[in-house]
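Q: Attaching a predicted model along with its sequence, questions to come.
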Amino acid sequence: MGSANHRTAEQRGFSLIEVLFATAISSVSILGLMAMTVVSIKANQRDGLRNDSVRVASETAEVLMTAPFDTVESCGLPANSSTTSPGCHILDSTGKDILPDPDESELIVSSTPDVPYNLSWTVTALSDDLKEIEITVDYPDNIEVQEHSVTIYKHREI
């Protein structure tokens, strides 16, 4: 007769200790994957916010570059505002304001509509024929305010 502590050739299956070790290893692996998923989601959100700010700055640069040289002045579009800063207009050659309305602006539409983007630009005349324009877009990211800046140069047409 066999002892109770020894398995015979006909006995099959796993011991309780083997099942506990397998369960522990699987649990640790699943927890690690869950933590990586959370980190990945947060990184994707941050990247989306930054991509939106880059797009807003780029589209603003396009609007400012198409504006007549003499109409480009420092200004900004504050977040959650129905109007631009006082005197903030960019006129084309016909006198039409080409700066989009912040409420309807394609510039402010983002993949994260609940995030307020503050848009501003500072114009510095480097000479009579050259202006430096620094475009800044800032937005909240968790508890910090992130900022994306672009500098462009506008030359008077010859």
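A: Cool, got the structure.
Q: can you pull out the helices in the chain?
A: 16-66 (DSSP state H).
Q: what's the weakest-modelled helix or strand in it?
A: Counting by mean pLDDT, DSSP states H and E, the chain has its least confident helix or strand at strand 75-77, which shows a mean of 73.
Q: Not counting residues beside it along the chain, what's closest to residue 147?
A: Setting aside the residues directly before and after it, residue 147 is nearest to residue 138 in space (CB to CB, 6 or more residues apart in numbering), at 4.4 Å. (Each C-beta comes from the backbone N, C-alpha and C, glycine too.)
Q: Let me see the contact set for the one you found.
A: When contacts are counted by CB atoms under 8 Å, 6 or more residues apart in numbering, residue 138 is found next to 53, 117, 118, 145, 146, 147, 148.
Q: State the distance from it to residue 146.
A: Distance of residue 138 to residue 146, computed by CB to CB, to the nearest Å: 7 Å.
Q: just residue 45 next, same as before
A: From residue 45 over to residue 146 (counting by CB to CB), the distance is 12 Å.
Q: Ok, residue 133 next?
A: Residue 133 is 21 Å from residue 146, by CB to CB.
Q: neighbour-wise, which of those two wins?
A: Using other CB atoms under 10 Å as the criterion, residue 133 and residue 146 rank with residue 133 on top: 20 against 14.
Q: I'd assumed residue 126 was in contact with that one.
A: No: if you go by CB atoms under 8 Å, residue 133 and residue 126 don't touch, sitting 10.5 Å apart.
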